[in-house]
Structures are given as C-alpha cells and as structure tokens.
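Novice: kindly return the folded structure for what I paste below:
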Amino acid sequence: MATNTRPHTAPLSKLTCGPCPPDDQILVELGSAEDYDGVQKSRFIQGLRELLQDFRVKKVKDFDTIAGGIIGYRARFLEDRSKILHLDGVTL
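Specialist: Numbers count the residues shown, from 1 in each chain. Alright, predicted model coming up:
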C-alpha cells in the first residue's frame, strides 16, 4: 500500500512528521461522529450524508474541496469554527 506524501502548506511547512496518511483516511477522520451521542450523532451523520451525496451528484472528486466541505459542515454543525478534528486528550 503506497502512502501519500502530500506536502504540508504553511504554517505547517516547517513541520516534518514523515509520510502523511492516505487522503481517504484523512476524510474519514474529518467526518468522524465519535464525539456525538444519540440525536446529535444522528443529525450530524444525516447532514454529512447529504453533503457527500451533493458532492457525488456534482461529481466532485477533489480532495481539498471535499475536505473543505466536511470542515465547513462540522463548523456549522457545532457553531464553532475552531473544532475540526477529535483530538483525544488534547485541550487548547
């Protein structure tokens, strides 16, 4: 299995962390619903399905467009643009 060596963009360009995970794994993490329970989880998943269906209908396959869409959806859902990924045990 080949790894994606997608270059980081600023300000992460100065960081080195070895090979980046494959694009599909990044999208899975961005769309993770593990932080939610019950009705909130159902609403998040339903909205994410609608977003991804819209991308399919429009034949969008660009990683950056899909990732940006998921990030934007999560920000709107949470009403907080700072929460993008679940970072277990990390507090900012």
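Novice: show me what the helix or strand of the chain with the lowest mean pLDDT packs onto, helices and strands only.
Specialist: When the helices and strands of the chain are compared on mean pLDDT, DSSP states H and E, helix 23-30 comes out lowest with a mean of 86. Contacting helix 23-30 under the criterion 3 or more Cβ pairs under 8 Å, 6 or more residues apart in numbering; DSSP states H and E are the following elements: helix 63-78. All C-beta spots, glycine's among them, are computed from the backbone N, C-alpha and C.
Novice: what's the angle from the helix it packs on to helix 23-30?
Specialist: Computed with axes from the mean of the first three to the mean of the last three Cα atoms, to 10 degrees, the direction of helix 63-78 lies at 10 degrees from that of helix 23-30.
Novice: where does pLDDT dip in this protein?
Specialist: Scanning the chain for pLDDT under 70 picks out 1-20, 83-92.
Novice: biggest helix in it by residues?
Specialist: In the chain, with assignment by DSSP state H, the single longest helix is helix 38-57.
Novice: what does it contact?
Specialist: G31, A33, Y36, T65, I66, G69, I70, Y73, F77 (Cβ atoms under 8 Å, 6 or more residues apart in numbering).
Novice: please work out how many residues are found near G31.
Specialist: By the measure other Cβ atoms under 10 Å, the count of residues near G31 is 20.
Novice: how close does it get to R81?
Specialist: 17 Å (Cβ to Cβ, to the nearest Å).
Novice: again, but for V39
Specialist: Following Cβ to Cβ, the distance that separates V39 from R81 is 23 Å.
Novice: compare those two (neighbour count), which wins?
Specialist: Between V39 and R81, counted using other Cβ under 10 Å, R81 has the larger neighbour count: 11 against 8.
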